[in-house]
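*Asks:* make a model of this:
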Amino acid sequence: MDVLRPQLIRIGGRIYRKNPIQEQTYPHEEEEEDFYQGFVECAEEPCDGYEVVQTQQGFQCTVKAPSLLYKHIVGKRGDTKKKLEVETKTSISIPKPGQEGEIVITGQHRSGVISARTRIDVLLLTFRRKQPFTHFLSFFLNEAEVQERFLKFQEEVLEKCSMDHGVDSTIFQNPKKLHLTIGMLVLLSEQEIQQTCEMLKQCKEEFIDDISGGKPLEVEMEGIEYMNDDPGMVDVLYAKVHMKDGSNRLQELVDRVLERFQASGLIMKEWTSVKLHATVMNTLLRKDPNAEGRYNIHTADGKYIFKERESFDGRNILKLFENYYFGTLKLNSIHISQRFSVDSFGNYASCGQIDFS
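*Replies:* As a prediction, the model looks like this:
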């Protein structure tokens, strides 16, 4: 880490600097990413935004977190929890593995309880970011016309460009899985899935119905574009989508949904605007039919892996199909879908949705 340019984390409107502290490693133990991250508060005013109650024993604060993340607060042999308790002069109670509940922090001094709570929040955020994405918000593009036009596009590309480097049938998207992604989510409990559903309902009530006018958004899926900067070495080719009436309503809607979910912490803040695109070719599909672009970079236990990709030469495809027309769609539902899960029809399985027509 560059001490002059440390990693910053935003929690509750305040910014904290992460200072890694080396822990002793134990031989013959399975390597794990459990480590204690200290922090230095960069804001001048104290972090007093937490709800701390006074009890007969002193002060108390609770933290809601999915059970999957408890182990990162405990640490190897309980070292992380012990260190937190010693440094903040608090006692931290954590539910047993596999049991949902609240982490309870108690201490004689309010400042110590707040300090422990803030450090736990930093740890939770750090390890949540290491989890693979589990769900995503999207519009489904599963109208029959679009699927048929997509299959025709695939047929014509293979007919005219199959001799181009890297172009073969395995890198085309499954037509039943065509979608417009709004944002990727890490949902680690049923409670978090329900929270996401409630957040979508709030978005519908507060601004989605106003933007859509209570009617489907009629869009056209037309033209193709590539993600990287070299058309001769393409990994992702996507179809562009725009409102049929020429308005910016679709972009406004998805950007406001993204902003709301980022503010709630359900989506990490990486972009301020959604890049609307429908992936039609992806080189990760060459070896893994379930791959989903840049998001497919973790194993099931959350560890980073490198996926080799054989890029394809997209110059002829771009030249011949630059303005290819995939059809017209009426978007009227935003879905919460689970990655790698499909329904009986082969479409992405939806675990929640809101309709605005």
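
*Asks:* would Phe326 count as being in a helix?
*Replies:* No: assigned with DSSP: H, G, I helix; E, B strand; the rest coil, Phe326 falls outside any helix and is strand.

*Asks:* the nearest residue to it once chain neighbours are set aside: neighbour count?
*Replies:* Nearest residue to Phe326, sequence neighbours excluded (Cβ to Cβ, 6 or more residues apart in numbering): Met221, at 3.9 Å. In short, each C-beta sits where N, CA and C put it, glycine included. Per other Cβ atoms under 10 Å, the neighbour tally for Met221 reads 25.

*Asks:* what do you get for the one 4 residues further on?
*Replies:* Residues near Glu225, counting by other Cβ under 10 Å, number 14.

*Asks:* any idea how far Leu141 is from it?
*Replies:* Distance of Glu225 to Leu141, computed by Cβ to Cβ, to the nearest Å: 16 Å.

*Asks:* over to Asn228?
*Replies:* For Asn228, the distance to Leu141 equals 23 Å [Cβ to Cβ].

*Asks:* wait, isn't Cys161 in contact with Ile317?
*Replies:* Yes: Cys161 is within contact range of Ile317, at 5.3 Å (criterion: Cβ atoms under 8 Å).

*Asks:* residues shared between the contacts of those two?
*Replies:* Val167 (Cβ atoms under 8 Å, 6 or more residues apart in numbering).

*Asks:* higher neighbour count, the two?
*Replies:* Neighbour tally, Cys161 and Ile317, criterion other Cβ under 10 Å: the higher count belongs to Ile317, 25 against 19.

*Asks:* that one falls within a strand, correct?
*Replies:* No: going by three-state DSSP, the assignment for Ile317 is helix, not a strand.

*Asks:* ramachandran angles for the nearest residue to Phe140 once chain neighbours are set aside?
*Replies:* Excluding its sequence neighbours, the residue lying closest to Phe140 (Cβ to Cβ, 6+ apart) is His179, at 5.5 Å. Phi and psi for His179, reported as degrees, to the nearest 10, are phi -160, psi 160.

*Asks:* just checking, His179 touches Ala278?
*Replies:* Yes: look at His179 against Ala278 with Cβ under 8 Å: they come within range, at 6.8 Å.

*Asks:* and for those two, which residues touch both?
*Replies:* By Cβ under 8 Å, 6+ apart, His179 and Ala278 have these common neighbours: Leu141.

*Asks:* gap between His135 and Ala349?
*Replies:* Distance from His135 to Ala349, counting by Cβ to Cβ: 10 Å.

*Asks:* the two - which one has more neighbours?
*Replies:* Per other Cβ under 10 Å, whichever of His135 and Ala349 has more neighbours is His135, with 22 against 14.

*Asks:* from Arg286, how far out is the more buried one?
*Replies:* Separation of His135 from Arg286 (Cβ to Cβ): 25 Å.

*Asks:* burial measure for the nearest residue to Leu180 once chain neighbours are set aside, as a count.
*Replies:* Once flanking residues are discounted, Leu180 sits nearest to Phe139: 4.4 Å by Cβ to Cβ, 6+ apart. Number of residues near Phe139 (other Cβ under 10 Å) recorded here: 24.

*Asks:* if I pick Phe139, what's in contact with it?
*Replies:* For Phe139, the contact set (Cβ under 8 Å, 6+ apart) comprises His179, Leu180, Ile182, Leu331, Ser333, Ile334, His335.

*Asks:* equivalent analysis for Arg309, please.
*Replies:* Asp235, Thr283, Leu284, Arg286.

*Asks:* looking at this, it is in a helix?
*Replies:* No: read with three-state DSSP, Arg309 is coil and lies in no helix.

*Asks:* any idea of the mean pLDDT in the strand or helix carrying Gly183?
*Replies:* Using DSSP states H and E, Gly183 maps to strand 179-185. Strand 179-185 shows a mean pLDDT of 93.

*Asks:* I'd like the next helix or strand past that strand.
*Replies:* helix 190-203.

*Asks:* whatever helix or strand comes next after that following helix: how far from the chain's middle?
*Replies:* Sequence order places helix 209-212 as the next helix or strand after helix 190-203, per DSSP H and E. Put simply, helix 209-212 sits 25 Å off its chain's centre (Cα atoms, centre = their mean, to the nearest Å).
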